[in-house]
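**Student:** The sequence isn't on hand, but the structure is:
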Ligand code: URA
């Protein structure tokens, strides 16, 4: 089979057979098919799309390009959550110990900050000593002992995605529903979870800016995951403004501790309870959302979720005493305070602009090789719907040097909008698609 014939067929809008998709994927991983042909093929998929059957075959072939985590011998149920990426999204740090406290085993394989969105691994690595590249043996031991573990993707897991994702990044073919579906699902299935809850973000700070795009991605993830024999729920949630009050690597660890102690911001708690409830239902540990939410609330109120978080920090090499000593104090030295210029209400905080401000500060990165810093970021005193008087502090920005502070400042200033009347509250959970 010739790669050029597969490209021609897709260019003309044809449906590719499994063998034709395999020709491209296996040929690319083995080095037989050159990047220029794979790039052309990606562009045809971008414009022509894929049928559900093609998307499922692509996902399965990508999954089979590497090894899968072996969780045999550890009692389940194994359930994980995946977010399509946002700003201030520290839900994983709260959710994993919370559901572990309820009996779920969460084999969490997370990513790093890229573009304007934050990354769970960067947040965790801001804890002194915390290691995010675990061996499979460590991953297994920690899941069995603490109920969850958090690691990065290894070279052996879905190597096809590693190569394809970098190529998509430089060929303007990232924003394709079948390619995103296959990329995300192949990695999630490889980590060994039996059920998956997808938090598909919608809004300015999300990959999928419109609700229609988010719905299409959620439906594709649910349909393809189901075709691969997994129990799946897609939850579409708002990412129009950052989640919580803190955006930054260690700042978000601090806010996660607040949540685990039961006094976190309302939006983080609402989303953690909702996603956690779906995880419990998917694990057959609760019959409905009401019962599942009550169990999640108890895991926080009893302190058990916090205990498991601390156990995980110790397991993964983190220094709990140092983490607690830095709490509330780990702040870069250059500071800018944004104050309200007139009385009224906060009408919105543009998550995309705040995410970009974060990239300038070193919360996130432009290139995978860029460094990130633990002590930079933003702390909000007000969120959408809060009343402000002229001169009230709205946000504090922490930077390592004047240049990055100056780069972030206009983005933060223009991210905030005000209105004389109280704006209507937008729902955080927009739509839920269950295939349990
Ligand atoms: N995240 C992924 O892992 N893959 C994509 O294609 C998009 C977001």
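**Tutor:** Received the coordinates, thanks. Quantities reported herein were computed from a predicted structural model and do not represent experimental measurements.
**Student:** quick one: the helix or strand bottoming out on mean pLDDT in the chain to chain centroid distance?
**Tutor:** Within the chain, confidence by mean pLDDT, DSSP states H and E is lowest for helix 159-170 among all helices and strands, at a mean of 90. Between the centre of helix 159-170 and the centre of its chain there are 18 Å (C-alpha atoms, centre = their mean, to the nearest Å).
**Student:** How is the chain divided into domains?
**Tutor:** Partitioning the chain according to automatic domain parsing yields domains covering residues 3-49, 79-323+431-435, 334-419.
**Student:** Now render those as TSV, adding distance to the ligand and mean neighbour count.
**Tutor:** In short, each C-beta sits where N, CA and C put it, glycine included. Output for these, formatted as TSV (distance: least, C-beta to the nearest ligand atom, whole Å; neighbours: other C-beta atoms under 10 Å):
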stretch	distance to the ligand	mean neighbour count
domain 3-49	11	17
domain 79-323+431-435	3	21
domain 334-419	13	19
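**Student:** Residue 59 is nearest to which of the ones you listed?
**Tutor:** Closest to residue 59 of the domains of the chain is domain 79-323+431-435 (C-beta to C-beta; 4.2 Å).
**Student:** So what's the gap between the closest one and the chain middle?
**Tutor:** The answer for domain 79-323+431-435 is 6 Å, by C-alpha atoms, centre = their mean.
**Student:** What's the end-to-end length of that domain?
**Tutor:** 14 Å (C-alpha to C-alpha, to the nearest Å).
**Student:** Identify the residues contacting residue 97.
**Tutor:** Residues near residue 97 by C-beta atoms under 8 Å, 6 or more residues apart in numbering: 146, 147, 148, 260, 305, 306, 308, 309, 312.
**Student:** now it, what's its secondary structure?
**Tutor:** Residue 97 falls in the helix class when you classify it by DSSP: H, G, I helix; E, B strand; the rest coil.
**Student:** isn't residue 155 right up against residue 162?
**Tutor:** Yes - between residue 155 and residue 162 there is a contact at 7.2 Å, judged by C-beta atoms under 8 Å.
**Student:** that older thread, dump the domains of the chain into JSON lines; add distance to residue 65 as well.
**Tutor:** Shown next, in JSON lines, are the domains of the chain (distance: least, C-beta to C-beta, whole Å):
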{"stretch": "domain 3-49", "distance to residue 65": "5"}
{"stretch": "domain 79-323+431-435", "distance to residue 65": "4"}
{"stretch": "domain 334-419", "distance to residue 65": "20"}
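**Student:** between the ones you listed, which one is nearest to residue 60?
**Tutor:** domain 79-323+431-435 (6.6 Å).
**Student:** what about the stretch 51-200 of the chain, any weak spots by pLDDT?
**Tutor:** Judged by pLDDT under 70, the stretch 51-200 of the chain has no weakly predicted residues.
**Student:** what about 80?
**Tutor:** For the stretch 51-200 of the chain, the stretches with pLDDT under 80 are 114.
**Student:** Quickly find the element holding residue 180.
**Tutor:** Per DSSP states H and E, residue 180 falls inside helix 177-190.
**Student:** packing partners for that helix?
**Tutor:** helix 35-48, helix 52-63, strand 79-83, strand 106-110, helix 159-170, strand 195-202, helix 211-227 (3 or more C-beta pairs under 8 Å, 6 or more residues apart in numbering; DSSP states H and E).
**Student:** what lines up beside the helix or strand just after the last one in the sheet?
**Tutor:** It stands for helix 211-227. Using DSSP H and E, the next helix or strand after helix 211-227 towards the C-terminus is strand 231-238. Take DSSP bridges as the rule and strand 231-238 pairs in its sheet with strand 195-202 (parallel), strand 429-435 (antiparallel).
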